[in-house]
Structures are given as structure tokens and as C-alpha cells.
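Enquirer: Return atomic coordinates for the entry below.
(2 chains)
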Amino acid sequence: MQNLPSILSPDFGLLFWMLLAFLVVFFLMAKFGFPVITNMVEERKNFIDESLKSAREANEKLANIKVESEAILNEARKQQATILKEAMATRDQIVSEAREKAQTEGQKLLEEAKAQISVEKENALRDIRSTVAELSVQIAEKVVRRELKKDGEQEELIQRMLDEVLASK
Amino acid sequence: MNIQKRLHPVCLLLLATFLCVLPLSANNHAAEGEEKLDVKEVVLGHMSDTYDWHITTWNGHHVSIPLPIIVKGETSGWHVFSSSRLAHGESYKGFYIDSERGGKIYEKIAGQDEPIRPWDISITKNVVQIWIVVFLMLFIFIGSARWYRRRTCEDDAPKGFVGLVEMFVMMVNDDVIKPSIGEKNYRPYAPYLMTCFFFIFLSNLLGLLPIFPGGANVTGNITITFFLAFCTLLAINLFGNREYWKEIFWPEVPTWLKVPVPMMPVIEFFGIFTKPFALMVRLFANIMGGHAIILSFTCVIFICGKMGGAISSLSGVSFLLMIFMNCLELLVAFIQAYVFTILSAVFIGLAHPEHHKG
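Expert: Numbers count the residues shown, from 1 in each chain, chains lettered A, B, ... in the order given. This is a model prediction of the structure:
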């Protein structure tokens, strides 16, 4: 043992110092060295994974949003078309109704006017007739005063003449 | 192992080189006498643990950094003094470095023939190297961890040095530890295994530096690899689950292999110790071998130098081979740290077998 080269013979002093040095470096490394680095790298890896995942999700959402907005736009367009159609129909209806109403109203007015006119005409004719009768009586009175004594005869004559006049007209 | 296969042709080449050189050098040195270069001494000397940090020899003077020696004498209690007091075989208070007994400190006690080995916890070259590695690790990893303290996971990933550290740490974590132990159980073991990995890796790299902040043969010292393997032994067995112990003492083999002679249990039980033992020897032998080869090539240059310029082309070849070996050792520095960690992780993973159904 004593004649072995020193690299081959275990040495207590060296073992003691190696133990001390290794324990020191091991505890310091295990507490402040390696875990700090490996944990950080692990956290970073998780962070990158999460980021990738959320980016993918965001992309998907974006694609969905595009499809959705397209659908909404289409819907809106469809609604617009129906609204327009309805509006047009309503307009047509209103116009036709108004026209009908106006027609009936006009008809009514016309008829009323006609009735009025006929009544007025009757009245006017009656007036004219009586006036004409009186005038003729007066004229005839003057013409035939002496010949016609009786009122009845006069009246008859006048009526006859009047009818003749009217017929000749 | 892969690397050992790769080392094989290199060893053959080395052997061939020495076969060429040795007869020549023997002839030459026989004439010169004293100026003999003892390759074995040089190589082993450079690889072993010493009480001072030898840097160079300049004009016959040894330039070295003296280191503190801490010993407990048999009767005189603890002593702390500089290693320069023991330089050149001097003795201080009865303590001296006995080069006959592996270059360790011995105490000569009056009235006793045999010197005795005192309790010795001196700050040797390897101890200093270990602490340099420790402070380097603290500087690198705590320094990098500080970068994270000021940030959240939503910030950018680190760049530059911190980015490199993160990449390296995550490589060990994700590619070595996690798949070997298994997703479920790896977390509590990861700091230990990573500390092991970076301790071995940095020690190996610093061991390849030829001058002061490095150059000590830490991971090529059996004490260090023993300690690391023992830690792995504890990590495997202290936290092994019931299934693991059942597989050791009552493995699923035909009953006659277990009763009355517990053949399989005994084999399995020895397996507990052979696994870390293999780890210990593998790391030690690889690093020690690498250092030995590089140092031997360096010695070839000096031997050639002693013999004069006649065979200087051999120096050139040796120089090229040395560079090649250094590059290879750079690779080995990583591979051995990797192998130690991955095998430790695999063994720990084996101590957490999934429950078999039925």
C-alpha cells in the first residue's frame, strides 16, 4: 500500500476536502444554480406552448368570425330585400285603396250633384212655368180683355196657347 | 467502451515509439551517467498529488506555490505550516515528506524506528484544484442563475454566455438525465447528477491545462473517483423503491436459483457494489491514462533533446502526437463526464423499476 503511486492509494485528507468541497458546491448548485435555470426553461417552454395554443385558437376564432360576419351580412341583405318588398306591396296597396276611395267618393259626389241639379231643374222649371203663366196671363189679359169675360175661359185659352208654345220649342 | 477502443491504436503507436527510442537512449545515457531522465518518475510525479504546486524548474531552482500543511502529530496536536518548510527533504517538528512511501508526510517520533503517518488534511495541489473548480462552478452557474432572477418566462431567451450555459445545462438535463432515469422520478436527482457532470467536466478540462489554474490530476485520482462513485452508490440505494430491493433479494428467476443456495441474490447484491466500482475505475483509468500518454509524449521530446539533434524528427512526431492527444483528451474530458453521468442516471433509473403487473 505504501509503495503504490499516490494516485492509486486513497488519501484521507483529499477525501475529507473533496467531501467538503463537493457538499458545498452541491448544496449551492441545488439551491441557487441548476433548478433556477431548468425551471425557467420549463416555464418558458410552457409559456411558448400556451402562446402557440392561444394563437391557434385566436386564428380559429378569427376564421369563425369571418364566417359569422358573412352570415350576418347575408341575413341583413335578405332582410333588406324582404323589407323593400313589403314596403313596395304596402305602397301599391295604399295607392290602390286611395284610388278606389277617390273613385267611390267622386261617384257619390257626382250622384249627389246630379240629384241636386235635377231638383234645381224641377224647381226652376216650375218657377219658369208659373212666371211664364203669369206673364202670358197678363199679356193675354191685355190682348183679349174685352173678348174674354169669364175667367175660366181665359185660363183655358192661355193654357192651350202655352202648351202650343212649349210644343213648338 | 467506445473511447477505449479508440485509445488502443494510440497506445500501440506509443509503444512502437518507445521501442525505437529506448535502446538509443539507454546507450546514450550510459555514457552520460547522471543526466538520466526517469520517465516513470516524471509521469507519475506529474500525476500525483503533492504538497506544493510545482510550476517550473528554472536553472535548477524549483518554482512552486507553497501550500498549507495541516497535520496532527501523534503527541503534539495539530500543526499548520507552509509546505516550503518541507522542501528538498527537510523536516519540520519531526514531519517530513517521505519519497519512499508515495511522497506523503510522515512523522518521525523519537525512540521509534518506523515513522508513522499522521492525520493529514493538508491543502494539497488537488485540494486547491478542487476548490478552483468549485469556485469556477459557482461563478458560472450562480452567475447565470442571477440573470434569471431579474426576468420572467415571458422575456426573451438568454444570449451569449448565459445562453451557452442554459444550452449546456438543458442538454445534460433533457438528453442525459431525463431519458435515463425516466420522466417521473428524475427531478430530485437532476441537481446531483448535473453537479457531478460539471464537476468532472471542469476538472477534466482544467487538468489538461499545463500551468497554474489547472494541471492537477483531480479526476485521475482514485480518491476523487471513489468519492463520486460512493455518492452515486448512495443515490442509487438510499432512494431505491421496494420493487428494486425485491429484484435484488428475490429476483424473478427459477426458485432453485434462490433457495436453498441464494445464488442470484448474492450476485445481485454484489451488483450493488460493482456498478459504482465500474464507474470509479472507468473515470480514474481514462483520465489517468490520458495524462500518462500526454506526459509520455512530452518526455519523448526531452529524451530526444538529451540525445542531440540527430533524431529531432522524432521530437516533431512526438510533438504532433501530443497535440493530437490533447485534442483527444478534450473529447475524453467531455465523454467521461457524460458517461459517468449517464451511467449514474441509468443506475438510479434502475432503482426505480415500474411495478410489474401480475
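
Enquirer: which residues of chain B fall in helices?
Expert: For chain B, the helices defined by DSSP state H occupy B:2-32, B:39-47, B:125-137, B:143-149, B:160-171, B:178-181, B:190-208, B:222-238, B:242-249, B:263-306, B:312-350.

Enquirer: Tell me where the model's unsure across chain B.
Expert: B:1-36, B:309-311, B:355-358 (pLDDT under 70).

Enquirer: try chain A
Expert: Ranges of chain A meeting pLDDT under 70: A:1-7, A:144-151, A:169.

Enquirer: Any residues of it in contact with chain B? List them.
Expert: Residues of chain A lying near chain B by C-beta under 8 Å from any C-beta of the partner chain: A:2-19, A:21-22, A:24-26, A:28-30, A:32-38, A:40-41, A:43-44, A:46-47. (Each C-beta comes from the backbone N, C-alpha and C, glycine too.)

Enquirer: Could I have the buried ones of the residues you listed as PyMOL selection syntax?
Expert: Of the residues of chain A next to chain B, the buried ones go into a single PyMOL selection, burial set by 16 or more other C-beta atoms under 10 Å in any protein chain shown:
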select buried, chain A and resi 5+6+7+8+9+11+13+14+15+16+17+18+21+22+25+26+28+29+30+33+34+35+36+37+38+40+41+44
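
Enquirer: Mind naming the longest helix for chain A?
Expert: Using DSSP H to define each element, chain A has its longest helix at helix A:34-144.

Enquirer: chain center to that one, what's the gap?
Expert: A distance of 9 Å separates the centroid of the chain from that of helix A:34-144, by C-alpha atoms, centre = their mean, to the nearest Å.

Enquirer: tell me what it is packed against?
Expert: helix A:151-168, helix B:143-149, helix B:160-171, helix B:190-208 (3 or more C-beta pairs under 8 Å, 6 or more residues apart in numbering or on different chains; DSSP states H and E).

Enquirer: What distance do you get for B:S84 to A:L52?
Expert: According to C-beta to C-beta, to the nearest Å, B:S84 stands 64 Å off from A:L52.

Enquirer: Neighbour count: these two, which is higher?
Expert: Shown here are B:S84 and A:L52; by other C-beta atoms under 10 Å in any protein chain shown, B:S84 has more neighbours (16 against 10).

Enquirer: just checking, that one touches B:P68?
Expert: No. Counting by C-beta atoms under 8 Å, B:S84 sits too far from B:P68 to count as a contact (10.4 Å).

Enquirer: Residue nearest the middle of the chain, spatially speaking?
Expert: All of this refers to chain A. For chain A, A:I83 is the residue whose C-alpha lies nearest the centre (C-alpha atoms, centre = their mean; 5.5 Å).

Enquirer: To clarify, I was referring to chain B.
Expert: The centroid of chain B falls nearest to B:T219 when counting by C-alpha atoms, centre = their mean (1.0 Å).

Enquirer: Run through the residues that contact the residue lying closest to B:F197 once chain neighbours are set aside.
Expert: Ranked by C-beta to C-beta, 6 or more residues apart in numbering or on different chains and with sequence neighbours excluded, the top spatial neighbour of B:F197 is B:T341, at 4.2 Å. Shown in contact with B:T341 (C-beta atoms under 8 Å, 6 or more residues apart in numbering or on different chains): B:V172, B:V176, B:I177, B:L193, B:M194, B:C196, B:F197, B:I200.

Enquirer: any idea how chain B splits into domains?
Expert: B:62-123, B:125-350 (automatic domain parsing).

Enquirer: start to end distance for the last one?
Expert: It stands for domain B:125-350. Counting by C-alpha to C-alpha, to the nearest Å, you get 37 Å between the two ends of domain B:125-350.

Enquirer: Most tightly packed of the helices of chain B?
Expert: Mean neighbour count (mean count of other C-beta atoms under 10 Å in any protein chain shown) peaks for helix B:190-208 among the helices of chain B, with a mean of 23.

Enquirer: which strands and helices sit next to it?
Expert: With contacts taken as 3+ C-beta pairs under 8 Å, 6+ apart, helix B:190-208 sits against helix A:12-28, helix A:34-144, helix B:125-137, helix B:222-238, helix B:263-306, helix B:312-350.

Enquirer: Which among those helices is found nearest to B:S144?
Expert: Across the helices and strands packed on helix B:190-208, B:S144 has its closest neighbour in helix A:34-144 (6.5 Å, C-beta to C-beta).

Enquirer: between the closest one and helix B:160-171, how many degrees?
Expert: 100 degrees (axes from the mean of the first three to the mean of the last three C-alpha atoms, to 10 degrees).

Enquirer: if we can go back for a sec, can you lay out the helices of chain B as CSV showing distance to A:A71?
Expert: As requested, the helices of chain B are exported to CSV (distance: least, C-beta to C-beta, whole Å):
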stretch, distance to A:A71
helix B:2-32, 65
helix B:39-47, 82
helix B:125-137, 64
helix B:143-149, 49
helix B:160-171, 48
helix B:178-181, 49
helix B:190-208, 54
helix B:222-238, 63
helix B:242-249, 60
helix B:263-306, 68
helix B:312-350, 57
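
Enquirer: B:E100 is nearest to which of these?
Expert: Once the helices of chain B are compared by C-beta to C-beta, helix B:39-47 is nearest, at 12.8 Å.

Enquirer: For the closest one, name the packing helices and strands.
Expert: helix B:263-306.

Enquirer: Which elements pack onto the helix it packs on?
Expert: Using 3+ C-beta pairs under 8 Å, 6+ apart, helix B:263-306 is in contact with helix B:2-32, helix B:39-47, helix B:190-208, helix B:222-238, helix B:242-249, helix B:312-350.

Enquirer: Could you report the neighbour count for B:A216?
Expert: B:A216: 28 neighbours (other C-beta under 10 Å).

Enquirer: Can you tell me the closest non-neighbouring residue to it?
Expert: B:Q129 (3.6 Å).

Enquirer: Flag every residue of the stretch 1-150 of chain B that's near chain A.
Expert: Contact residues, the stretch 1-150 of chain B versus chain A (C-beta under 8 Å from any C-beta): B:44, B:47-49, B:70, B:100-104, B:119-124, B:126-127, B:130-131, B:133-134, B:137-138, B:141-142, B:144-145, B:148-149.

Enquirer: ok so, going back, what distance do you get for the residue nearest to the centre of chain B to chain A?
Expert: 11 Å (C-beta to the nearest C-beta, to the nearest Å).

Enquirer: Over to that residue: give its phi and psi.
Expert: Main-chain dihedrals, B:T219, degrees, to the nearest 10: phi -80, psi -10.

Enquirer: what sits against it?
Expert: Counting by C-beta under 8 Å, 6+ apart, B:T219 makes contact with B:I200, B:S203, B:N204, B:G207, B:T225, B:L283, B:F284, B:I287, B:Q336.

Enquirer: Rebuild these as TSV, extending it with distance to A:K61.
Expert: Formatted as TSV, those follow (distance: C-beta to C-beta, whole Å):
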residue	distance to A:K61
B:I200	52
B:S203	55
B:N204	54
B:G207	59
B:T225	59
B:L283	57
B:F284	62
B:I287	59
B:Q336	54
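
Enquirer: which one of the residues you listed is nearest chain A?
Expert: Nearest to chain A, judged by C-beta to the nearest C-beta, of those is B:F284 at 8.0 Å.

Enquirer: List the residues that contact the closest one.
Expert: Neighbouring residues of B:F284 by C-beta under 8 Å, 6+ apart: A:I7, B:T219, B:G220, B:N221, B:I222, B:T225.
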